[in-house]
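[1] I'll drop the sequence and a predicted model, then ask my questions.
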Amino acid sequence: MAQLTIEKTFQRAIGHHQAGQLAQAENLYRQILAEQPDHAGALHYLGVIAYQSKNFDDAVNLIRRAIALKPDYADAYSNLGNVLRDLGQLDEAVTAARQAIAHKPNYPEAYNTLGNALRDQGQLEEAIGAYRRAVDLKPDDAQLHNNLANVLRESGQIDQAIAACSQAIALNSNYAEAYGNLANALRDKGQLEEAVAAYRRAVALNPDLAAAHSNLGNALREMGQLDQAIGEYRRAIVLKPDYAQAYNNLANALRDKGQLDEAIVVARQAIAIKPDYADAYINLGTALGDNGQLEDAIAAYHQAIVLKPDLPEAYNNLGNALKDKGQLEQAIAAFRQAMALRPYYCEAHSNLIVAIHYLPGYDARKIAQENNSWNCQFAQPLRQFIQLHANDRDLNRRLRIGYVSPDLRDHPVGRFLLPLVAHHDKGQVELFAYAQVPVQDARTQQLRSHVDVWRNIVGLSDAQAADLVRRDQIDILVDLAMHTAHNRLLVFARKPAPVQVTYLAYCSTTGLQTIDYRLSDPYIDSPGGDESIYSERTIRLAETYWCYQLGVLLSPISPLPALKQGLVTFGSLNNFCKVSESTLTAWAKLLCAVPRSQLLLHAREGDHRQRVLDRLERDGIEPKRVRFAGVVPIRNYFELYQQIDIALDPFPYGGGTTTCDALWMGVPVVSLAGKTAVGRGGLSILGNLGLPELVVDSEQAYVRVASDLANDPGRLSNLRQTLRQRMERSPLMDAPRFARNIEAAYRQMWRTWCQTPGVPR
């Protein structure tokens with residue numbers, strides 16, 4: 001074959017290659033090499049075809065042979081960089097790209113190759129520089145703008161990423177991947193509705209784009225549209241059956257919906273596809289934990305840590321599981337490890353704050369210090385966004401009250417809030433609810449029916465939610481979550497309302513200087529006590545912190561179980577993480593003091609049950625005297641009280657909901673009044689019932705009062721038959737009176753603000 005013919009054949013081959021006709025192109029390249037084995041161009045492009053066919057080793061060999069024949073072959077160096085990058089040989093890929101640029105300084109494709117390899121190395125700023133140079137050299141290339149957008153987003157330069165994606169789309173309005181990347185950046189910015197629109201445009205242009213379907217599902221999930229999200233994840237999996245990330249995302253959405261068994265199966269499918277997928281192990285652990293399988297959950301978190309030791313989410317979730325098992329010291333260590341790995345891990349720090357309330361070693365001063373640390377790190381930097389409030393300072397006008405919570409559902413917060421919102425004086429207050437509730441239930445609908453304006457803030461950033469509160473011109477904004485899961489404290493850090501209050505989640509402090517008040521009562525915080533431990537000013541409601549209302553219809557109270565069984569059953573159906581070592585010590589002494597007695601204890605299945613048995617056995621209590629109850633539906637939960645004669649309040653963190661539930665079922669509660677607010681709930685509830693004799697101030701008195709009560713079946717029977725009526729007549733169940741007390745507190749706060757003009761705190 002003459003040289004002219006060879007070159008014509010080479011050009012024909014390139015034409016086929018550019019048209020995607022790889023078989024024809026490969027055949028022609030091989031014909032050329034049969035005639036001219038040292039044809040660098042044919043070797044190079046044959047290597048490119050091998051690369052496109054995923055034959056990476058052949059590609060490297062062929063392209064290197066081309067470079068050996070033509071050492072200044074810039075195109076070959078650039079493509080060699082692409083192959084080496086896909087092989088994970090990133091240093092060599094960077095070197096190859098730089099050699100291409102050295103031989104051809106104004107070569108945009110080589111800069112793109114360099115940017116790709118640097119990005120994979122995590123050298124984001126250097127990658128941005130390479131991509132910008134590529135764009136400068138070839139400004140009409142939409143793909144280069146799109147690549148630049150990706151690395152800008154990864155480096156946190158979201159607005160610039162959006163601009164680069166928009167430029168790519170301006171150059172190619174049918175560029176589905178660019179719409180997908182634009183959507184990713186919009187989602188990062190919290191503009192979920194705009195992100196969803198961009199994702200939908202991406203999948204309209206390319207319905208087979210599995211990643212866009214999966215990412216669309218993520219945005220829909222964040223907006224609380226779980227059914228639609230699940231549909232998108234399933235479409236992604238149909239398009240790409242080995243798409244581990246889509247399985248993982250689907251597992252999350254199923255867990256959010258409470259479909260835990262299916263979530264566990266799907267998370268395991270993600271792991272089967274990608275055994276080193278640490279995030280999938282985390283999500284598997286979360287679903288297992290929610291399903292009560294704490295041991296399996298912990299094993300999943302440990303596996304995630306083995307695979308990726310620097311993954312803070314694994315330690316955070318491990319901490320939650322350990323807390324649920326009552327292993328508080330280990331839980332706190334896990335939270336601190338998460339915080340060490342990610343110093344600005346707000347959620348882990350909040351989890352730590354909640355956990356330390358359960359430990360006897362943390363007094364009110366230490367708790368305050370940890371809250372203040374959280375405030376300094378996360379809330380204080382947001383003070384720059386606080387604006388002057390233009391609310392009408394009329395002292396006596398109707399007030400706009402906003403309640404903010406993730407728990408406006410079948411949850412203790414939802415249960416206690418319902419009688420309040422149902423009995424608010426609508427002539428005095430206009431109620432707004434800011435609901436962080438992805439899955440609503442019957443309780444949600446009940447609450448919703450009693451508020452004037454319902455705002456769904458699922459998917460809104462803290463800044464967006466704060467702007468919404470400002471637009472609504474809320475006068476008093478009430479936090480109902482504090483540091484519990486899914487709280488929105490960073491909304492309060494922006495001070496969108498002139499008066500801000502915390503109430504109900506647990507009686508303590510948030511640490512936020514921007515929350516003005518905390519609600520309490522004369523029992524939880526006795527007048528004259530040290531209030532410097534709270535960042536907020538304490539407002540004591542006139543009588544009670546709680547207003548109780550039963551949420552289900554129940555059968556009449558049963559006769560005293562001891563009369564039928566011939567032994568007394570002590571019980572605690574509190575969250576198991578409240579069962580401290582000091583509590584177990586007191587219970588062991590009590591069981592010894594009352595030989596014909598047993599203990600019924602709420603605890604999910606796991607080795608922590610055996611730990612309790614072993615602990616009590618060391619103090620002389622036979623394991624057969626201890627029974628456990630796991631998580632059960634609400635009606636079955638109340639039926640458990642039919643088996644209990646005397647309820648035992650744990651310490652230092654006592655009960656609230658469970659104390660009221662026990663008393664409603666005719667079961668007296670013995671409580672030790674602690675030194676922190678969370679340990680004085682029993683004092684408040686029993687004080688409002690006129691039963692102060694059931695509240696003690698020492699472990700010795702705790703054992704004595706409980707054993708005396710156990711040995712007085714007549715009194716126990718009388719209490720069992722009269723406690724419900726006593727509750728109904730008490731301030732605990734006088735919802736109209738309670739609502740007036742709350743409204744009086746709000747009015748007091750409002751007048752104080754009106755009479756103190758100036759810069760918001």
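    Cool, got the structure.

[2] how is the chain carved up into domains?
    383-540, 561-732 (automatic domain parsing).

[3] looking at these, which is closest to residue 549?
    Evaluated over the domains of the chain, closeness to residue 549 peaks at domain 383-540, with 4.2 Å, by C-beta to C-beta. For the C-beta atoms, the positions are set from N, CA and C on the backbone; glycine is no exception.

[4] quick one, strands of the stretch 451-600 of the chain?
    With DSSP state E, counting those that start in this stretch as the criterion, the stretch 451-600 of the chain has strands at 453-456, 476-479, 499-502, 517-520, 537-540, 568-572, 597-602.

[5] Let me see the mean pLDDT of the fifth one.
    Model confidence over strand 537-540 averages 98 on the pLDDT scale.

[6] Could you list the buried residues of the lengthiest helix in the chain?
    Ranked by residue count under DSSP state H, the longest helix found in the chain is helix 735-754. Going by neighbour count (16 or more other C-beta atoms under 10 Å), the buried part of helix 735-754 is 735, 738-743, 745-747, 749-750, 753-754.

[7] any idea of the mean pLDDT for stretch 199-211?
    Computed over stretch 199-211, the average pLDDT equals 96.

[8] Endpoint to endpoint, that stretch covers what distance?
    Using C-alpha to C-alpha, to the nearest Å, one end of stretch 199-211 lies 10 Å from the other.

[9] re earlier: rebuild the domains of the chain as JSON lines, extending it with distance to residue 11.
    Shown next, in JSON lines, are the domains of the chain (distance: least, C-beta to C-beta, whole Å):
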{"stretch": "domain 383-540", "distance to residue 11": "55"}
{"stretch": "domain 561-732", "distance to residue 11": "72"}
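
[10] Mean neighbour count added to those domains, as TSV?
    Converted to TSV, the domains of the chain look like this (neighbours: other C-beta atoms under 10 Å):
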stretch	mean neighbour count
domain 383-540	20
domain 561-732	19
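
[11] so which of the strands of the stretch 451-600 of the chain gets nearest residue 724?
    That would be strand 568-572 among the strands of the stretch 451-600 of the chain, by C-beta to C-beta, at 17.4 Å.

[12] quick one: least confident helix or strand in this structure?
    helix 3-18 (a mean of 86; mean pLDDT, DSSP states H and E).

[13] what about the helix or strand following that one, distance to the chain center?
    The helix or strand immediately downstream of helix 3-18 is helix 22-35, counting by DSSP states H and E. Put simply, helix 22-35 sits 57 Å off its chain's centre (C-alpha atoms, centre = their mean, to the nearest Å).

[14] before we move on, what about stretch 502-513?
    How far stretch 502-513 lies from its chain's middle: 19 Å, per C-alpha atoms, centre = their mean.

[15] mean confidence for that stretch?
    Mean per-residue pLDDT for stretch 502-513: 97.

[16] how about low-confidence regions in this protein?
    For the chain, the stretches with pLDDT under 70 are 1-3, 551-553, 758-761.

[17] Tell me which residue is most central in it.
    Central residue of the chain (C-alpha atoms, centre = their mean): residue 486, 5.6 Å from the mean position.

[18] Next up, the contacts around it.
    Counting by C-beta atoms under 8 Å, 6 or more residues apart in numbering, residue 486 touches 406, 436.

[19] Got phi/psi on it?
    phi 60, psi 30 (degrees, to the nearest 10).

[20] now it: how far from residue 187?
    Distance, residue 486 to residue 187, by C-beta to C-beta, to the nearest Å: 18 Å.

[21] try residue 58
    40 Å.

[22] Over to residue 346?
    Here the criterion is C-beta to C-beta. By it, residue 346 lies 19 Å from residue 187.

[23] higher neighbour count, those two?
    Per other C-beta atoms under 10 Å, whichever of residue 346 and residue 187 has more neighbours is residue 187, with 23 against 18.

[24] thinking residue 317 is in contact with residue 286, fair?
    Yes - because the distance of 5.8 Å satisfies C-beta atoms under 8 Å, residue 317 is recorded as touching residue 286.

[25] Find the residues that touch each one of the two.
    The overlap between the contact sets of residue 317 and residue 286 (C-beta under 8 Å, 6+ apart) consists of residue 297.

[26] For the stretch 601-750 of the chain, just list every one of the strands.
    Using DSSP E, counting those that start in this stretch, strands in the stretch 601-750 of the chain cover 626-629, 646-648, 669-672, 695-696.
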